[in-house]
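**Student:** Starting from these lines, generate the structure:
(one chain, ligands or ions: 1)
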Amino acid sequence: MKERYAVAIDGPAGAGKSSLAKAAARELGILYVDTGAIYRTVACYMLDHGAEEPAAVETLLPQVQIGLRHGEDGLQRMALNGEDVTERIRLPEVSMAASRVSAIPAVRQFLLEMQRRLAREQSVIMDGRDIGTVVLPAADVKIFLTASPEERARRRWRELEERGTPQPYEAVLAEVERRDKSDRERPIAPLRPAEDAILLDTTALDYAQSLQRLLEIVRGGL
Ligand code: DC
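**Tutor:** Numbering: from 1, shown residues only. I've put the predicted structure just below:
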């Protein structure tokens with residue numbers, strides 16, 4: 001195995017990227033970087049300042065200071081101008097706002113170097129939408145992780161039930177489809193597999209099978 005390497009995992013919302021990537025990183029003893037959390041942190045600032053239009057967002061960007069650190073438990077904690085927003089970034093309104101701000105070229109440019117630096121400093125598994133295509137085009141292993149929209153909505157629905165914040169399945173599916181559409185159809189860094197990405201479809205796999213397959217792909221690619 002190489003001394004320093006990067007694994008890029010892209011795919012739509014709810015495909016299980018973050019839980020699988022986190023577990024794989026633990027298994028491999030390398031750092032997991034959740035890039036969606038970084039976009040979500042920017043989105044919090046824009047929500048706080050009522051900035052929706054691209055021009056307004058771009059003007060405020062220099063005021064955004066993002067802190068990213070990994071706790072001993074491996075959890076990636078996010079800070080926005082010194083304030084811990086790790087829990088807040090998971091709220092549904094932040095998800096939608098993150099999808100909106102991530103379509104703005106200036107935001108993507110603003111976050112690009114930060115993401116690349118993380119991968120220069122240590123071996124990483126990084127997940128997002130454009131890691132294999134834009135952020136780390138020279139990643140050692142690229143995986144496009146996906147599952148059918150219905151299966152992704154089912155998993156999300158179950159998660160909301162367990163968290164004590166249930167929502168009707170139809171609403172969850174509509175939300176999944178809406179986010180897929182906006183991530184896929186945006187003109188800049190749209191969600192698509194890199195040409196050299198390996199497709200991992202987890203629709204018919206359970207969590208343990210998905211993790212096993214993911215690790216096989218990573219180990220086979222190093
Ligand atoms: O993975 P996530 O759901 O936490 O990501 C939140 C939003 O950020 C999602 O709508 C797409 C966007 N995103 C992106 O455009 N590029 C990335 N590398 C990661 C996330």
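**Student:** Which helix or strand contains residue 69?
**Tutor:** strand 66-70 (DSSP states H and E).
**Student:** same check, this time on residue 200
**Tutor:** Take DSSP H and E as the rule and residue 200 turns out to sit in strand 198-201.
**Student:** Tell me the residues of this structure that contact the ligand?
**Tutor:** Counting by CB under 6 Å from any ligand atom, the chain comes close to the ligand at 13, 35-36, 39-40, 98-99, 102, 128-131, 179, 183. (C-beta placed from N, C-alpha, C; glycine too.)
**Student:** Of the residues you listed, which belong to strands?
**Tutor:** Applying DSSP state E to the residues of the chain next to the ligand, the entries found in strands are residue 128.
**Student:** Redo the residues of the chain next to the ligand as a markdown table? Include neighbour count and pLDDT.
**Tutor:** As requested, these are arranged in a markdown table below (neighbours: other CB atoms under 10 Å; pLDDT from 0 to 100):
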| residue | neighbour count | pLDDT |
| --- | --- | --- |
| 13 | 20 | 85 |
| 35 | 24 | 97 |
| 36 | 18 | 95 |
| 39 | 23 | 97 |
| 40 | 25 | 97 |
| 98 | 25 | 94 |
| 99 | 22 | 88 |
| 102 | 25 | 93 |
| 128 | 29 | 95 |
| 129 | 26 | 92 |
| 130 | 23 | 94 |
| 131 | 29 | 97 |
| 179 | 20 | 85 |
| 183 | 20 | 83 |
